[in-house]
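J.: Show me the folded form of this:
(chains A, B and C)
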Amino acid sequence: MRSLIDIVDFSLEEVEELIQVACDIDAHPEKYAEACKGKKLATLFFEPSTRTRLSFEAAMYELGGNVIGFSEAGSSSASKGESVADTAKVISCYADIIAMRHPLEGAPLVASRNATVPVINAGDGGHLHPTQTLTDLLTIHREKGRIDNLTVGFCGDLKYGRTVHSLISALSRYQNVKIVLISPKELAIPDYVKSDVMDLNGMCYEEIESLEKALPELDILYMTRIQRERFDDLETYERLKDSYILTAEKMRDAKADMCILHPLPRVNEISVEIDSDPRACYFRQVLNGKLIRMALILKLLAEKDREEDRDEGEELSSFVCKNPRCITSTEQELNQKFRSVELKERVYRCIYCEKDAVHKEEI
Amino acid sequence: MRSLIDIVDFSLEEVEELIQVACDIDAHPEKYAEACKGKKLATLFFEPSTRTRLSFEAAMYELGGNVIGFSEAGSSSASKGESVADTAKVISCYADIIAMRHPLEGAPLVASRNATVPVINAGDGGHLHPTQTLTDLLTIHREKGRIDNLTVGFCGDLKYGRTVHSLISALSRYQNVKIVLISPKELAIPDYVKSDVMDLNGMCYEEIESLEKALPELDILYMTRIQRERFDDLETYERLKDSYILTAEKMRDAKADMCILHPLPRVNEISVEIDSDPRACYFRQVLNGKLIRMALILKLLAEKDREEDRDEGEELSSFVCKNPRCITSTEQELNQKFRSVELKERVYRCIYCEKDAVHKEEI
Amino acid sequence: MRSLIDIVDFSLEEVEELIQVACDIDAHPEKYAEACKGKKLATLFFEPSTRTRLSFEAAMYELGGNVIGFSEAGSSSASKGESVADTAKVISCYADIIAMRHPLEGAPLVASRNATVPVINAGDGGHLHPTQTLTDLLTIHREKGRIDNLTVGFCGDLKYGRTVHSLISALSRYQNVKIVLISPKELAIPDYVKSDVMDLNGMCYEEIESLEKALPELDILYMTRIQRERFDDLETYERLKDSYILTAEKMRDAKADMCILHPLPRVNEISVEIDSDPRACYFRQVLNGKLIRMALILKLLAEKDREEDRDEGEELSSFVCKNPRCITSTEQELNQKFRSVELKERVYRCIYCEKDAVHKEEI
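T.: Numbering: from 1, shown residues only, chains lettered A, B, ... in the order given. Just a heads-up that it's a prediction; the model follows:
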């Protein structure tokens, strides 16, 4: 059984194949209108995310299938204390494929190991959101005609931005992508993204505080929102917030064919006046999100019988995952498992949330 | 792009056409069973309204289409601060037509100006609810064979009853409709409905406090609920409430072919014993609601490419809309716009909520 | 109009027929894939129950039909004070069949008497849940090849367990079923189940506190959850809780072909290690739930025109139902009705909640 939990579950060739299918769907929707006839997608959203949920549902309907599910945990069996594993086993009796959003990191992975149907990770806490990353890659491909040989700027909250980290990881597999990290110091990219992703893959990157200064060299600008609650003091927030708002004036210095991406929802970080600028790609990005999810559903249903090559991890008596947002903190009878980290000795990571494990002697 | 925000967006001929199609759907449902195959309706209910939502959804399914959406704001992106305009742009990537319910007045108008698919106003706060009005008109047409030459009584809360104001407006376009307004003084029809609708169109109307006295002359009785919270003092409420409850006894004085309408839900303002009276039309009215929505969806999808003739309003530097329930109070980067009022000099109304604008000097 | 409110609404032959159809659906799903094309199921869930709701929805989709509805009361018209009767009349305009879950006992019965389409009771408070019982019967039939000549153990909370009481009632119609009641004294089966069901039908049963002792003789073990909040003192709970957890060790003494059933969700009363034991039937039971609901929907739609033979009950001036969780406590203009009890003189039961009526002189 194939599932999509992490973007790296798919090879570069598989991502390329998804992109090609998505483009073909857009060109010839009628070819796919009955592709999932009689099939059901379960959208299990343990926390609300309207955009992602409706994107999956629209995708399934455009393939001729149906949808069941829930849009928040309050109306699910989870409120009666059911484990994620049991939910996955039960829903496998009702649906042919599952899209799961969950506030706990690793929950979709647990689901995929218990379901008898494919599971798509539709976002697990602050951890992964691979269909957003596929959406971003498709958008870059469609707008620029390539994913390599690009200078990609990320602007805003690079510290907590899950979509930013995932896209950088995904881009690390392409040739000659230069990353420009535009943020206040308070929201700079975490060190582990630098060391484990960019350095490890020999990516070229620079960090800069000024959006204006960075703009002229960019082929892609990936905007994110700066949230007030991320700042310790309000003064710093007030001083910084306007510098990371993209306005028509700032856009004058950007390349004529630069593309602006945004995972949405936006609040005010991109001025509405830019919406009519042909370089604003974020609403086309929404359409791409539906198309890539259609391609993904088709792929996983087609490969239902293919064995997944997966890293089972190992139980380690002397290590423990202490992340309170990891699914292992609540799921009953789920043993913690770990994997070693490339190039690092005696460092292990939880296979569910990917946080560094803590040695029991250190506690 | 055609949308339906206000009943007056449609000409009398268009309303007549909708009524004819609705009747044809009822007579020959099989003709329409695949009319919307492959199409999707998005039901965006920012506040709950089960009856209206399920009516739209049943309508779309009976046309062979599908439905995506949400039933309350809590599970929507609005809770993350997304603007109505952005939601409309995003949903346009997922659905072929939108039905929007929103607590803020004017929100569906904002949506229709940003969506690339038709938008149906499924109720915006206390402002408009045009599909209820279409439902009422279809019911009158089917029950009486005509919409003109009728005496129509409205009973109950005429002050806050949005459906009452809208139906009176709609009836003002028909010949020889006499309006009888039955309510306690505390819940009398607002003056602007008298001046701007009934007087302006030369309608004949009378106000009366007694339901019993009014009943014998009525062809149609439109009942509404009297809510306790509308009264300043409980004593007045207790004194009045029973006089506006329709009972079998009171019905003895009504015409043998009078029709009772009610927008539902009812609480106790129509005694359950009346349900079996053939003059009780309110459950047939529910069925009509579904039929007219089917006709409406068909019409808007068919006219997707037709340019809408719309009043854009104008920005006025010296006027401002001060209505806290107007969408302009929260929507980011939405400039207030106004239109002048027929026969009134220097009076402007907000194009979104239609409340009178306030001159800045008066603030 | 046929509805399913109580399992005894169906004869033994009808239950048998449902089981046969469910098995045929499982063997030949393609025969049924368009059986409900153009039909709509309304899932009216006034309280959340994800598993039951999704089971109904999956069932309807696999029959080629569509689904409308809501998953909790908050987004329904009930919050505006609408009666269950009115809701049933309104939804009859939108859907071909209704599945209703309601916190008040008797609500689906009220719905079935007002709807013009069949109503399925999907659980009414602590009262009835007939589709769970049908699921249990189908599971026993499929696992054992018969429903008679069995020793069936019920373990855990037998006092409040609605599914337990219902299944014992259903089993009382089969030959030579022996019941073993395994629970702490605090959660023993209520006396009325003994007297009115098991004694009345001459069933053989025994009560026992030890799961280990009971296990070896069982053909079926029906597990339920013991909830901490059922105990007056925590000490008793702590002392007892582990003895009612089914573990691989305890399973060593069970028959090689014993079947473990559980209505789910489980919390920890069955160890996860047992899931891979072939005697664990509870996830196959989930699949059976979908199949039997498919058979049920087909049956009720096919018998839409058949008159139901029903006990209307009678109004009794000197008796009153005092159950605060009975639908008669809130539904407007619903008169209480009662029926006499077999073999008991001057005892009457409310036809809605089936609680004993109280004589007015006793109040």
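J.: CA only for contacts and neighbour counts going forward, please
T.: Will do.
J.: contact partners of stretch A:313-324?
T.: Outside stretch A:313-324, the residues that touch it by C-alpha atoms under 8 Å, 6 or more residues apart in numbering or on different chains are A:328-329, A:335-339, A:348-351, A:353, A:355-361.
J.: Which of these fall within strands?
T.: For those, the ones inside strands are A:338-339, A:348-350, A:358-359, with DSSP state E as the criterion.
J.: nearest spatial neighbour of A:Thr139, skipping sequence neighbours?
T.: Nearest residue to A:Thr139, sequence neighbours excluded (C-alpha to C-alpha, 6 or more residues apart in numbering or on different chains): A:Gln285, at 5.7 Å.
J.: Quick one, grab the pLDDT at the one you found.
T.: A:Gln285 carries a pLDDT score of 98 in this model.
J.: Would you point out which residue is most central in chain A?
T.: A:His129 (2.4 Å; C-alpha atoms, centre = their mean).
J.: how about it, what does it touch?
T.: A:His129 touches A:6, A:121-123, A:162-163, A:166, counting by C-alpha under 8 Å, 6+ apart.
J.: do the same with A:Arg162
T.: By C-alpha under 8 Å, 6+ apart, the contact list for A:Arg162 reads A:126-129.
J.: if you set the cut-off to 6 Å instead, what comes out?
T.: By C-alpha atoms under 6 Å, 6 or more residues apart in numbering or on different chains, A:Arg162 lies in contact with A:Gly126.
J.: how about low-confidence regions in the stretch 51-200 of chain A?
T.: For the stretch 51-200 of chain A, the stretches flagged by pLDDT under 70 are A:75-80.
J.: Helices along that one, start to end?
T.: Secondary structure of the stretch 51-200 of chain A (DSSP state H, counting those that start in this stretch): helices at A:84-91, A:107-114, A:130-144, A:162-171, A:191-193.
J.: roughly how far apart are the closest residue to chain B within the stretch 51-200 of chain A and B:Lys39?
T.: Using C-alpha to the nearest C-alpha, the single residue of the stretch 51-200 of chain A nearest to chain B is A:Ala58, 5.5 Å away. Distance of A:Ala58 to B:Lys39, computed by C-alpha to C-alpha, to the nearest Å: 10 Å.
J.: Compare the two and say which one has the larger neighbour count.
T.: Neighbour count, other C-alpha atoms under 10 Å in any protein chain shown: between A:Ala58 and B:Lys39, A:Ala58 has more, with 29 against 21.
J.: which ones are touching the more buried one?
T.: Taking C-alpha under 6 Å, 6+ apart, we find A:Ala58 in contact with B:Tyr94.
J.: change it to 7 Å
T.: Contacts for A:Ala58 (C-alpha atoms under 7 Å, 6 or more residues apart in numbering or on different chains) come out as A:290, B:94.
J.: do the one 4 residues further on as well
T.: Contact partners of A:Glu62, counting by C-alpha under 7 Å, 6+ apart, are A:33, B:38.
J.: quick one: the closest residue in space to A:Glu303 that isn't next to it in sequence from chain C, how far?
T.: Of all residues not flanking A:Glu303 in the chain, A:Arg2 sits nearest, at 6.4 Å (C-alpha to C-alpha, 6+ apart). Using C-alpha to the nearest C-alpha, to the nearest Å, A:Arg2 is found at 21 Å from chain C.
J.: Neighbours of A:Arg2, how many?
T.: 23.
J.: gap between the residue nearest to A:Phe338 when sequence neighbours are not counted and B:Ala302?
T.: Leaving aside its chain neighbours, A:Phe338 sits nearest to A:Cys350 (4.5 Å; criterion: C-alpha to C-alpha, 6+ apart). Going from A:Cys350 to B:Ala302 by C-alpha to C-alpha gives 55 Å.
J.: More neighbours: which of those two?
T.: Remark: of A:Cys350 and B:Ala302, A:Cys350 carries more neighbours, 26 against 11, as counted by other C-alpha under 10 Å.
J.: quick revisit: quick one: contacts for the residue nearest to A:Glu303?
T.: By C-alpha under 7 Å, 6+ apart, the contact list for A:Arg2 reads A:118, A:300, A:303-304, A:306-308.
J.: Show me where chain A has its strands.
T.: Going by DSSP E, chain A shows strands at A:40-45, A:66-70, A:97-102, A:119-124, A:150-155, A:177-182, A:204-208, A:220-223, A:259-261, A:319-320, A:338-340, A:348-350, A:358-359.
J.: Please indicate which of these has the most neighbours on average?
T.: Mean neighbours per residue, mean count of other C-alpha atoms under 10 Å in any protein chain shown, is largest over the strands of chain A for strand A:119-124, with a mean of 28.
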